[in-house]
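# pasting the sequence and the predicted coordinates here, then a few questions.
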Protein chains: 2
Amino acid sequence: MFVSRPAVQPVEAPSPVNAAENPPRLRMKDIQGMPGTAGGLALRLSQFGLAVAALGVMESTSNFGFVTVFCYLIAAAITQSLWSISLAFLDIYALLVKRCLRNPRALCIFTIGDGIISTLTFSAACASAGITILLRGNGSICSHEHCTSFETAIAIAFISWFVICPSFLLNFWQLASS
Amino acid sequence: MFVSRPAVQPVEAPSPVNAAENPPRLRMKDIQGMPGTAGGLALRLSQFGLAVAALGVMESTSNFGFVTVFCYLIAAAITQSLWSISLAFLDIYALLVKRCLRNPRALCIFTIGDGIISTLTFSAACASAGITILLRGNGSICSHEHCTSFETAIAIAFISWFVICPSFLLNFWQLASS
């Protein structure tokens, strides 16, 4: 007998309805915070709100311009607010038309964008914090330069960085596991 | 006829030799830079060398202690050098005994550690850079305080952050795809 005898196993015939419902690349559940979810929209709106708050507090001190790094913090806050509100609108659109935003190309753009924006915000907040610590050491300068307002703006910028980090990590996780 | 008729497909019977050679969790190729590879060891040794160089340059200026943030940069450089040399030894061990360091628990520890250390180094470098920009603005202070040495140390700290980032991203990618 030269007939081949492969081992056979019964498998369920795939139904076309199930195949359409389960796209092949979806390996992860819809974790809240990912693009196109209500949690993701909440994160984006929080990032936008915090960036605008940091910008407002820093702008409220008339003489922030005497330190270059404070201007950098303002530029970072403006960039973050524009990025976050754009993605918030995209999330609203995805929620309204029930579309999934998690194709690899979109995820790659979101991840790179979040990485750059979070690095920008964090670096601006750290540099400003370093300067404020130095100004605090010189009491006479600090009382004149509204150090409390600077510190508040920097604290808000740090919180906004904390809020953008989950977006970056979730997008990167989703990209790696797709 | 009430006999069930499942669809059947021929499958190859798995041989025990192949199963032992291919561990089930290995989904990604051995990308150089991951733990337990020669590239990973090179990254760790670079991180260690750069952290020690930043530390050495900053310590060479006798009066770095007048700014708190410069002391923070030194603390960050010490922490990074200790972390990187520990993982370099682990990589050497893994390469010598040909063991894979990529089980999920180890990857989780490496990722969290790299994330914390890179954030620490980056924040210290940014804060120090902010202060150095301020000191440069005041020429009389800067010439006295060895600004060039400070700037060199900060630049090396930034490069060491650039070198620790690939370790973090590769570990996180591997963790997500495992």
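Alright, I've got the coordinates. Residues are numbered from 1 along each chain as shown, chains lettered A, B, ... in the order given.
# mind listing the helices for chain A?
Using DSSP state H, the helices of chain A run over A:16-21, A:38-60, A:68-97, A:104-137, A:139-144, A:147-177.
# now render these as a markdown table, adding mean neighbour count.
Bear in mind the C-beta positions are built from the backbone N, C-alpha and C, glycine included. Converted to a markdown table, these look like this (neighbours: other Cβ atoms under 10 Å in any protein chain shown):
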| stretch | mean neighbour count |
| --- | --- |
| helix A:16-21 | 8 |
| helix A:38-60 | 20 |
| helix A:68-97 | 18 |
| helix A:104-137 | 21 |
| helix A:139-144 | 12 |
| helix A:147-177 | 21 |
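# those helices: lowest mean pLDDT?
Lowest mean pLDDT of the helices of chain A: helix A:16-21, a mean of 46.
# got a list of what A:L43 touches?
Counting by Cβ atoms under 8 Å, 6 or more residues apart in numbering or on different chains, A:L43 makes contact with A:G33, A:V163, A:I164, A:P166, A:S167.
# pretty sure the second one is touching A:L50, no?
Yes: in this structure A:V163 lies within contact range of A:L50 using Cβ atoms under 8 Å: 6.2 Å.
# dump the helices of chain A to CSV, plus distance to B:L87.
Below are the helices of chain A laid out as CSV (distance: least, Cβ to Cβ, whole Å):
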stretch, distance to B:L87
helix A:16-21, 44
helix A:38-60, 32
helix A:68-97, 32
helix A:104-137, 23
helix A:139-144, 41
helix A:147-177, 21
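# which of the contacts of A:L43 sits closest to B:L41?
A:P166 (31.7 Å; Cβ to Cβ).
# with adjacent residues omitted, what lies nearest to that closest one?
Of all residues not flanking A:P166 in the chain, A:G33 sits nearest, at 5.5 Å (Cβ to Cβ, 6 or more residues apart in numbering or on different chains).
# quick revisit: B:S149 is nearest to which of the helices of chain A?
With respect to B:S149, and counting by Cβ to Cβ, the nearest of the helices of chain A is helix A:104-137 at 17.2 Å.
# correct me, but A:G115 touches A:C165?
No: the criterion here is Cβ under 8 Å, and A:G115 misses it with A:C165 at 10.0 Å.
# and the gap between A:F110 and A:L101?
As judged by Cβ to Cβ, to the nearest Å, A:F110 and A:L101 stand 8 Å apart.
# to clarify, my last question referred to A:D30.
Relative to A:L101, A:D30 is positioned 11 Å away (Cβ to Cβ).
# more neighbours: which of the two?
More neighbours surround A:L101 than the other of A:D30 and A:L101, with 19 against 14 (other Cβ atoms under 10 Å in any protein chain shown).
# could I get the contacting residues of the spatially closest residue to A:L55 that is not a sequence neighbour?
Spatial nearest neighbour of A:L55, excluding adjacent residues (Cβ to Cβ, 6+ apart): A:A77 at 4.1 Å. Applying Cβ under 8 Å, 6+ apart to A:A77 gives the contacts A:A51, A:V52, A:A54, A:L55, A:M58, A:T121, A:A124, A:A157, A:S160.
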